[in-house]
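Peer 1: Dropping the sequence and predicted coords here.
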Amino acid sequence: MAGFPSTARVVIVGGGVAGVSALYHLAKAGWRDCVLVERNELTAGSTWHAAGNVPTFSTSWSIMNMQRYSTELYARLGTEVDYPMNYHVTGSLRLAHSRERMQEFERARGMGLHQGMALELLEPEAIRDRYPFIETHNLAGALYDPADGDIDPAQLTQALAKGARDMGATVLRFTPATGVSRKNGEWIVHTEKGDIRCEYVVNAAGYYAQRVGEWFRPFGGRTVPMAAMSHQYLLFEAVEAVRAWSAEHGRKLPLLRDVDTSYYLRQEKHGFNLGPYERDCRAHWVTPDDPLPEDFSFQLYPDDLDRLAPYIEDALTRVPVLGEAGVSKVINGPIPYAPDGNPLIGPMPGVPNAFEACVFTFGIAQGGGAGKVLAEWVTEGCTEWDMWSCDPRRYTDYTDHDYCVEKAREVYGHEYAMHFPRHRWPAAPDRKLSPVHERVRAAGGVMGAYNGWERADWFAEPGDDTTPESTMTWGRAGPWEPRIRAECEAVRDGVGVLDLPGFSRFELSGGGAAAWLSGRIAGALPRIGRMTLGYFPDARGRILTEMSILRHAEDSFTLITAAAAQWHDRELLQAGLADGLALEDRTRERDALVVTGPRSRALLAGIAEADLALPWLSIQEATVAGCPALLARVSFAGELGWEIHADNAHVPAIYEAVLAGGARPFGMWALNALRLEKGYRTWKGDLSSDYSLLEAGLGRFVRLDKPEDFPGKAALAAEKRRGVTKRFVTLVVDAGEADAPYMSTLWNDGRVVGETTSGGWGYRVGRSIALGMLRSDLAEPGRAVEVEIYGERRPAVVQPDRPLWDPGNERLRA
Ligand SMILES: Cc1cc2nc3c(=O)[nH]c(=O)nc-3n(C[C@H](O)[C@H](O)[C@H](O)COP(=O)(O)OP(=O)(O)OC[C@H]3O[C@@H](n4cnc5c(N)ncnc54)[C@H](O)[C@@H]3O)c2cc1C
């Protein structure tokens with residue numbers, strides 16, 4: 001066909017806001033030879049009927065970043081690409097019914113301030129000043145976001161498309177893609193109008209993402225984890241008082257979000273738009289009698305107002321003038337949901353040169369930022385901000401159909417819910433079970449999910465409150481607290497055991513494995529029979545991952561990493577794996593027990609045939625309770641201890657023997673408290689690609705003098721010469737009822753000077769601890785700063801660069 005592009009650098013499948021924003025940002029990055037194929041007209045999927053709200057609010061740092069970027073882009077886009085559009089920056093009021101909600105707002109305000117946004121907390125009396133039609137009877141206050149607003153989603157998409165076309169990119173409308181194939185290391189995207197050969201493919205197919213994703217299964221792909229939810233909003237006719245107010249003030253009312261009731265209410269012309277996220281929600285296209293249609297372009301679901309009745313009633317009480325208008329129109333359309341409600345943006349798991357920018361629940365608000373992130377992934381292989389919250393690899397092999405549907409319903413029904421740190425969302429549990437799961441539960445294990453693996457968070461005693469409601473607090477106190485304390489004390493004074501199924505576990509072997517591995521990590525490899533931590537930097541010297549490297553022979557290693565990191569790290573290892581090397585994922589085959597505390601040696605002496613005098617960081621094959629096992633002398637809890645790694649079949653016998661030897665079971669929450677006291681970092685909290693290895697205080701794991709040219713070596717050398725601008729610190733905090741959560745703002749002299757990366761109570765040292773990143777000129781022991789914890793600025797002191805507990809590591813080495 002004349003003019004049809006038979007080649008392109010990138011082909012994007014899907015012309016909704018996300019795909020078009022990706023195309024725009026690729027072109028902006030200089031990648032103009034890119035083609036977007038859209039089955040119908042642009043916006044035909046979810047985009048055309050979206051309400052167009054553009055909030056910045058999030059308690060996730062990266063999502064807030066992405067949404068903030070969108071608002072900044074949308075403000076200038078019309079002029080930049082010469083496509084004027086309706087973008088109303090109205091501000092918004094997010095209403096709080098409780099103190100906990102106000103605390104959540106305080107947290108978002110602190111993060112927003114750190115990102116340069118002037119979010120404001122309002123007392124109930126001040127709300128009416130901003131919104132005269134509101135009843136404030138049951139409100140504790142509100143959060144005012146001046147950057148919030150609404151945009152016309154179709155105009156936004158067209159503006160991005162115009163910008164992309166003007167820069168040389170191609171948009172092909174009415175061009176359904178029908179499949180992909182691969183030839184000579186390139187993709188061929190098949191469309192109804194012809195084939196396009198390209199280097200990279202992006203799945204931006206919205207609620208069709210799962211169907212498009214299936215094309216990639218023969219090339220290593222998986223089924224895209226998602227389900228389509230029905231979402232409605234109602235348009236109301238004009239209200240005279242609103243018309244008069246707008247005329248007098250020359251603007252629209254701020255958008256209201258009554259998040260505790262679960263709806264938003266926005267001025268639309270001179271009437272309203274009411275959009276609930278109802279608990280009694282509906283997934284579509286998830287049962288055989290309701291298949292996903294071949295083409296749903298510009299279509300809607302039938303209205304279903306019954307489900308919305310309670311929300312409409314509530315809104316009438318909140319803003320009584322709403323009662324003066326009738327409903328003029330109902331929109332009920334599909335929104336795709338991933339199991340956590342965040343989109344999928346980044347590398348398509350398992351598939352070379354394929355990416356995803358799909359499954360957006362807030363695609364209008366996030367589309368701008370998402371395009372930037374996607375373009376960075378494609379053109380640079382890394383992103384400016386750590387985007388793990390949206391990385392498709394955060395889901396692995398446990399997200400089957402039922403899981404996706406149950407989770408989508410749960411997340412939709414709680415779209416505005418608070419995410420308390422100790423709260424486990426209950427839907428779809430028990431995806432992957434340890435070989436001693438029943439035993440752990442019988443001992444009182446209150447379980448959490450880690451990459452789908454059930455692990456005990458803490459151990460309850462009879463009568464303890466383990467209901468989900470008990471966890472609805474930002475505070476430290478709760479039924480778990482005395483138990484965690486006792487678990488920590490058992491580890492400090494005696495011996496504890498933690499069952500840790502799902503450690504990501506890779507076996508690397510083959511001639512040259514050592515040299516290859518050494519060329520990937522910044523530090524040195526361990527000697528044979530030893531283990532160490534290896535850090536994998538990217539080209540910027542930022543932290544991609546941390547692995548425990550156990551060396552069995554010259555070229556034989558076990559690499560152990562966080563449960564959540566399984567697919568991320570597997571891809572990192574597979575990328576560029578040298579010829580002749582074998583990499584095996586043995587995550588599902590083996591389990592680990594952490595046996596730690598001053599009595600651990602005596603316990604193991606009674607049940608193991610092993611050399612228990614081998615030093616800290618040694619590894620050995622041993623027999624434990626008559627079963628073959630690998631003993632690694634290490635303890636993330638910071639006491640004398642061993643990890644026992646064994647095949648699943650042997651774990652029950654070993655666990656029983658360890659319990660019979662007097663070990664007290666402890667859980668993940670105790671482990672977190674214990675590791676904080678040692679300053680041990682966790683992946684994607686303290687260790688993320690937001691920070692370089694030097695900033696993270698991991699200089700001792702960086703060998704700039706080794707011969708291999710590992711990724712980031714030049715960048716780290718340059719950073720070392722320059723000096724870091726921020727630095728990892730341990731803080732002791734004079735905390736109140738809550739410890740510092742991730743991304744609490746650090747203050748000094750009235751200025752923001754850093755952020756925490758994790759925090760909690762240390763039961764051995766009896767202090768509240770925060771780990772974080774601080775402006776480097778302030779990162780000196782004894783320096784007083786403040787940590788903003790849910791709006792309260794609490795005094796904190798920078799600690800010397802050594803563990804708070806057992807600073808000389810004598811207990812570990814005992
Ligand atoms: C009622 C309602 C209100 C909403 N309100 C808001 C809001 O206020 N704010 C907000 O941020 N979000 C809102 N959303 C969500 C928002 O609409 C979506 O998140 C967003 O539109 C998703 O954009 P997308 O580009 O990912 O997907 P889509 O817009 O669905 O685009 C995907 C495109 O891919 C095309 N496609 C699929 N398969 C193929 C193929 N094989 N070949 C070629 N093309 C293909 C489709 O035709 C479609 O155009 C709302 C959603 C609903 C239902």
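Peer 2: Yep, it's here.

Peer 1: If we ignore the residues flanking it in sequence, what's nearest the residue in the stretch 201-350 of the chain positioned nearest to the ligand?
Peer 2: Here the residue of the stretch 201-350 of the chain nearest the ligand is residue 206; by CB to the nearest ligand atom that distance is 2.2 Å. (C-beta placed from N, C-alpha, C; glycine too.) The shortest distance from residue 206 to any non-neighbouring residue, by CB to CB, 6 or more residues apart in numbering, is to residue 45 (3.9 Å).

Peer 1: quick one: that neighbour from residue 297, how far?
Peer 2: With distances taken as CB to CB, to the nearest Å, residue 45 is found 7 Å from residue 297.

Peer 1: And residue 152, by the same measure?
Peer 2: 19 Å.

Peer 1: one step back: which one's more surrounded, residue 45 and residue 297?
Peer 2: Neighbour count, other CB atoms under 10 Å: between residue 45 and residue 297, residue 45 has more, with 31 against 15.

Peer 1: so where's the chain shaky on pLDDT?
Peer 2: 1-2 (pLDDT under 70).

Peer 1: so who does the residue most central in space within it touch?
Peer 2: When CA atoms, centre = their mean is applied to the chain, the residue found nearest the centroid is residue 389 (2.2 Å). Counting by CB atoms under 8 Å, 6 or more residues apart in numbering, residue 389 makes contact with 60, 62, 63, 342.

Peer 1: Phi, psi for the residue lying closest to the first one once chain neighbours are set aside please.
Peer 2: The shortest distance from residue 60 to any residue other than its chain neighbours is 5.1 Å, reached at residue 389 (CB to CB, 6+ apart). The main-chain torsion angles of residue 389 are listed as degrees, to the nearest 10 and equal phi -60, psi -20.

Peer 1: and the gap between residue 389 and the ligand?
Peer 2: Noted for residue 389: a distance of 16 Å to the ligand, by CB to the nearest ligand atom, to the nearest Å.

Peer 1: next one: residue 154
Peer 2: 10 Å.

Peer 1: Am I right that that residue is in a helix?
Peer 2: Yes: counting by DSSP: H, G, I helix; E, B strand; the rest coil, residue 154 is located in a helix.

Peer 1: ok, it to residue 45 distance?
Peer 2: For residue 154, the distance to residue 45 - CB to CB - is 12 Å.

Peer 1: Enumerate the positions of stretch 226-241 that are buried.
Peer 2: 226, 227, 228, 229, 230, 231, 232, 233, 234, 235, 236, 239 (16 or more other CB atoms under 10 Å).

Peer 1: now, which of the residues you listed sits nearest residue 80?
Peer 2: residue 233 (29.5 Å; CB to CB).

Peer 1: ok, now which ones touch the closest one?
Peer 2: Contacts of residue 233 (CB under 8 Å, 6+ apart): 51, 273, 274, 275, 330, 331.

Peer 1: possible to save the residues you listed as a markdown table with distance to the ligand?
Peer 2: Formatted as a markdown table, the contacts of residue 233 follow (distance: CB to the nearest ligand atom, whole Å):
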| residue | distance to the ligand |
| --- | --- |
| 51 | 3 |
| 273 | 9 |
| 274 | 11 |
| 275 | 6 |
| 330 | 10 |
| 331 | 5 |
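
Peer 1: As TSV, those residues with secondary structure and neighbour count would be great.
Peer 2: Compiled in TSV, the contacts of residue 233 are given as follows (DSSP: H, G, I helix; E, B strand; the rest coil; neighbours: other CB atoms under 10 Å):
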residue	secondary structure	neighbour count
51	coil	21
273	strand	21
274	strand	26
275	strand	19
330	strand	16
331	strand	18
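
Peer 1: Mind picking the two most distant members of those?
Peer 2: Going by CB to CB, the pair spanning those furthest: 51 and 330, at 12.2 Å.

Peer 1: give me every residue that touches the residue in the stretch 351-500 of the chain positioned nearest to the ligand.
Peer 2: Residue of the stretch 351-500 of the chain nearest the ligand, by CB to the nearest ligand atom: residue 363 (2.6 Å). Residue 363 makes contact with 16, 17, 18, 46, 47, 50, 206, 343, 370 under the criterion CB under 8 Å, 6+ apart.

Peer 1: What is the burial count for the first one?
Peer 2: The reference is to residue 16. 29.

Peer 1: Please name the nearest non-neighbouring residue to it.
Peer 2: According to CB to CB, 6+ apart, the nearest residue to residue 16 is residue 47 (4.1 Å).

Peer 1: neighbours around that neighbour, how many?
Peer 2: 26.

Peer 1: Please apply the same query to residue 696.
Peer 2: 25.

Peer 1: for residue 624, same thing?
Peer 2: 25.

Peer 1: how close does the closest residue to it other than its chain neighbours sit to residue 754?
Peer 2: With CB to CB, 6+ apart as the criterion, residue 624 has its nearest non-adjacent residue at 4.5 Å, and that residue is residue 608. From residue 608 across to residue 754, the span is 45 Å (CB to CB).

Peer 1: which bits of the stretch 351-500 of the chain sit near the ligand?
Peer 2: The stretch 351-500 of the chain comes close to the ligand at residues 358, 360, 361, 362, 363, 364, 365, as judged by CB under 6 Å from any ligand atom.

Peer 1: What helix or strand is residue 770 located in?
Peer 2: strand 767-775 (DSSP states H and E).

Peer 1: And residue 229, by the same measure?
Peer 2: Per DSSP H and E: strand 227-236 holds residue 229.

Peer 1: Helices of the stretch 551-700 of the chain, residue ranges please.
Peer 2: 566-574, 600-607, 651-660, 668-678 (DSSP state H, counting those that start in this stretch).

Peer 1: now, of those, which is deepest in the fold?
Peer 2: Most buried of the helices of the stretch 551-700 of the chain, by mean neighbour count (mean count of other CB atoms under 10 Å): helix 668-678, with a mean of 25.

Peer 1: Check what contacts it and list those residues.
Peer 2: So helix 668-678 is contacted by 422, 448, 450, 455-458, 480, 484, 487-488, 491, 496, 498, 594, 636-639, 682, 758-765, 769, 771, 803-806 (CB under 8 Å, 6+ apart).

Peer 1: Of those, which belong to helices?
Peer 2: 480, 484, 487, 488, 491 (DSSP state H).

Peer 1: doesn't residue 456 make contact with the third one?
Peer 2: Think residue 487. No: the pair residue 487 / residue 456 is not scored as a contact, 9.7 Å apart, by CB atoms under 8 Å.

Peer 1: May I have the residues that are in contact with the closest residue to residue 271 other than its chain neighbours?
Peer 2: Among residues not flanking residue 271 along the chain, residue 236 sits closest, at 4.3 Å (CB to CB, 6+ apart). Residues near residue 236 by CB under 8 Å, 6+ apart: 268, 271, 272, 273, 274, 322, 325, 326, 327, 328.

Peer 1: Report the buried members of those residues.
Peer 2: Buried, going by 16+ other CB under 10 Å: 268, 271, 272, 273, 274, 322, 325, out of these.

Peer 1: would CSV of those with secondary structure be doable?
Peer 2: Below are the buried ones among the contacts of residue 236 laid out as CSV (three-state DSSP):
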residue, secondary structure
268, strand
271, strand
272, strand
273, strand
274, strand
322, helix
325, coil
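
Peer 1: Name the nearest residue to the closest residue to the ligand within the stretch 551-700 of the chain, sequence neighbours excluded.
Peer 2: Nearest residue of the stretch 551-700 of the chain to the ligand (CB to the nearest ligand atom) works out as residue 567 at 22.1 Å. Nearest non-adjacent residue to residue 567, counting by CB to CB, 6+ apart: residue 393, 4.2 Å away.
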